[in-house]
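>>> Sequence first, then the predicted structure, then my questions.
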Amino acid sequence: MKFRQIVLKSLCHHWLSTALAIVSIALGVALLDSVVSLREQTHRNFTQEGLGVDAILGPKGSPLQIVLNALYHLEEMPGKVKWTYYKKVLSSEVVESGIPFITGHSYAGFRVNAIDENFFTSFEYLPGQHFSFAPADGGQGRAFSGNKEAVAGHEAARLLNITPGKTFNPTCGVNAGDPVHVNDTITFVGIMAPTGTPHDRAIYIPLKSFYTLGGHGGEVQEMAQNEEHREISGAYLKIKRIRNGVIHPGIQDLKYSINQSSQAQLVIPNEVLPRLFSIIGWVDLVIMGIALLVTLLALLFLFIALLSALRERRRDLALLRCLGATRRTVMGLMLCESLFMSAAGAALGIALGHLIVSIGGEFIRAETGLRFSAAYVSTADLYILPVVILLGLLAGAVPAVQAYRLGVLKNLTPIS
């Protein structure tokens with residue numbers, strides 16, 4: 001009988017302990033792999049989203065809150081910015097263009113943002129990427145042109161079954177129970193092609209529509225005509241470039257000047273987003289620590305399973321020695337079993353980890369609009385298999401050495 005057949009027969013004979021060892025390793029590896037993958041993709045998604053926006057002009061308050069509201073349609077803006085101050089910032093020699101917006105409305109759980117029409121042509125949701133309504137890209141209809149028109153992001157349209165021509169009444173607020181603008185019916189005229197960003201989960205109306213919505217009062221309606229009284233939630237700013245596409249260094253002077261004022265602040269997303277990960281970084285470490293602990297416990301179970309199998313098979317191994325098997329053959333048998341169980345557990349765990357990312361990613365996408373791919377190859381995918389195999393071999397080393405030292409005559413006696 002060949003050595004490979006002996007190993008397989010041994011594993012099949014002790015199928016229960018073999019299966020338990022493989023499953024326990026797989027569960028630990030799956031938890032570790034999925035945590036690392038979700039962490040890396042979350043970091044990539046959040047930092048990538050900030051790449052398309054040079055700066056955000058926002059009210060005084062938390063910079064992180066401003067970024068989450070402006071780019072991810074989460075939280076609420078901590079205040080307003082005067083239109084006259086926005087125009088003053090826009091005239092700066094380092095600012096190329098701006099796109100003002102107003103947040104604070106919603107429809108069926110999705111944010112409704114009033115925004116300048118240049119958003120659909122000038123805004124880059126990723127470097128060099130603009131919104132599209134082309135059917136070839138997955139879009140429908142067109143951008144809005146009238147006050148009573150709206151555009152829906154691809155994900156919002158899919159979940160709310162929105163098609164061009166459908167109407168809705170926006171809610172004055174983002175919480176359940178907030179009043180609805182019952183006298184303001186707005187018609188969808190376009191569905192944006194999917195972008196894989198939180199903008200897929202938003203609905204957009206013309207900026208001036210906000211000021212004309214019923215229920216806001218005469219003071220807000222006056223803002224549509226009088227720029228001196230007009231206010232906005234903020235504005236996306238595009239900064240001029242110098243040689244080789246490098247952002248104008250004057251942005252830091254502009255930021256200092258605005259932040260020293262009492263009217264607004266300038267937020268650079270790529271400076272703010274790392275703070276988010278420093279805040280929640282301890283959660284990653286705790287979960288990864290738990291995953292590592294589970295994996296090590298699984299390997300300990302493997303070690304115990306091999307020791308238990310050795311005790312049960314002392315007579316079988318002694319008979320193998322009598323039939324001509326060398327000490328190295330018996331030792332190799334234990335090591336191969338350990339190698340098989342650790343490799344099978346690691347491979348199954350990686351596959352299960354990607355399944356967890358696929359399922360968990362759908363829940364995260366439903367809440368944030370960020371996309372997570374089950375096909376993403378994380379750092380853990382590159383190192384888990386060889387590391388677990390190595391640890392598995394170390395776990396099998398002690399039983400293997402004991403098998404090597406097994407006395408033949410002593411263990412030929414029947415075990416009662």
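Received the coordinates, thanks. Residues are numbered from 1 along each chain as shown.
>>> For the stretch 1-150 of the chain, just list every one of the helices.
3-13, 15-51, 63-72, 83-90, 119-122 (DSSP state H, counting those that start in this stretch).
>>> Tell me which of those helices sits nearest to Gln221.
For these, the distance to Gln221 is smallest for helix 83-90, at 14.6 Å, taking Cβ to Cβ. Placement of C-beta: from N, CA and C, glycine included.
>>> The closest one - contacts with which helices or strands?
In terms of contacts (3 or more Cβ pairs under 8 Å, 6 or more residues apart in numbering; DSSP states H and E), helix 83-90 is packed against strand 95-107, strand 231-232, strand 234-239.
>>> Now with 10 Å, please.
Judged by 3 or more Cβ pairs under 10 Å, 6 or more residues apart in numbering; DSSP states H and E, helix 83-90 is in contact with strand 55-58, strand 95-107, strand 231-232, strand 234-239, helix 251-260.
>>> next one: the shortest one to chain centre, how far?
Same thing as strand 231-232. Here strand 231-232 shows a centroid-to-chain-centroid distance of 32 Å under the convention Cα atoms, centre = their mean, to the nearest Å.
>>> Looking at it now, give me its mean pLDDT.
Strand 231-232 shows a mean pLDDT of 93 in the predicted model.
>>> Can you list the strands that that strand pairs with?
strand 81-82 (antiparallel) (DSSP bridges).
>>> which other residues reach the strand it pairs with?
Applying Cβ atoms under 10 Å, 6 or more residues apart in numbering, the contact partners of strand 81-82 are 57-60, 88-89, 100, 102, 227-235, 263-265.
>>> if we can go back for a sec, for the helices of the stretch 1-150 of the chain, which one sits closest to Ala397?
Taking Cβ to Cβ, helix 15-51 is the member of the helices of the stretch 1-150 of the chain nearest to Ala397, at 15.6 Å.
>>> Packing partners of that closest one?
Judged by 3+ Cβ pairs under 10 Å, 6+ apart, the packing partners of helix 15-51 are helix 3-13, helix 63-72, helix 269-312, helix 327-368, helix 379-404.
>>> I'd like the average pLDDT over stretch 135-152.
93.
>>> Okay, now that stretch: how far is its last residue from its first?
Counting by Cα to Cα, to the nearest Å, you get 14 Å between the two ends of stretch 135-152.
>>> Now Gly349: closest residue in space that isn't a chain neighbour?
Closest residue in space to Gly349, ignoring its immediate chain neighbours: Val29 at 2.6 Å, by Cβ to Cβ, 6 or more residues apart in numbering.
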